[in-house]
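Trainee: Dropping the sequence and predicted coords here.
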Amino acid sequence: MTARWVVDIAEERDLKITWRPISLLFKNEPAEDSDYFAPVNFTHKLLRVMEAVRVGEGEDKVADIYWEYGRRIHHDKDRDFAAADALSAVGIDTSYADAFDEEKWDTVIREGMDEGLALVGDDVGTPIIAFDNSKGERTGYFGPVITRVPEKQDALKMWDALNDMMDVDGFWELKKTRTEKPEFGERP
């Protein structure tokens, strides 16, 4: 939902979005016999494909495959699709699916994660948003975690507030307990 919010306001706030990996397999290190292992191992392998696409095709194609993954996982509730099918659906060469089982991409994933976590600390999850504040300092936050995309004016206000908070030294955290599940809406 956070990704959809950022995309919705990108043009109005002149944002250039770069999608970077965070592997919940690496972050949470679940035991292989846990119920959590299989889904995070699957999405980790999808990240390998995404990073191969980044190297071979560039950021625009990364966005295409990122959104296709999201449609399949969140809208279709498909957590076991073939990477080649997702690539084909968005017009990307299906040979990138070979990266699914190639551990060499794990270094790139860890580097991307480390960059984000260096800005926000290790005791967070996803999403992480990072950009340069008004002082030119690279800074970031975990979140915002939202359950639905706000209407345009509220979406812009939320971005502006986040942007303003990036300038406040010593600001660390806002939190309230989530009482509803994400509302993904129609399949984009």
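Mentor: The structure has been received and is ready for your questions. Every value quoted in this text rests on a predicted model; they were computed, and no experiment measured them.
Trainee: pull the longest helix from the protein.
Mentor: helix 37-57 (DSSP state H).
Trainee: Go through the helix or strand following that one and flag the buried ones.
Mentor: Moving toward the C-terminus from helix 37-57, the next helix or strand (DSSP states H and E) is helix 59-70. By neighbour count on 16 or more other Cβ atoms under 10 Å, the buried set for helix 59-70 is 61-70. C-beta coordinates here come from the backbone N, C-alpha and C atoms, glycine included.
Trainee: elements contacting helix 59-70?
Mentor: The elements that helix 59-70 packs onto, with contact taken as 3 or more Cβ pairs under 8 Å, 6 or more residues apart in numbering; DSSP states H and E, are helix 37-57, helix 83-89.
Trainee: how many degrees apart are the helix or strand following the last one and helix 37-57 in direction?
Mentor: When you say that, I think you mean helix 83-89. Next in sequence after helix 83-89, counting helices and strands by DSSP H and E, comes helix 105-120. For helix 105-120 against helix 37-57, the angle by axes from the mean of the first three to the mean of the last three Cα atoms, to 10 degrees is 100 degrees.
Trainee: Neighbouring strands - and their directions - for the next helix or strand after helix 105-120?
Mentor: Where DSSP H and E defines the elements, the next helix or strand beyond helix 105-120 is strand 128-132. Paired neighbours of strand 128-132 in the sheet (DSSP bridges): strand 138-142 (antiparallel).
Trainee: List the contacts of the partner strand.
Mentor: The contact list for strand 138-142 (Cβ atoms under 8 Å, 6 or more residues apart in numbering) reads 116, 119-121, 124-133, 162, 165-166.
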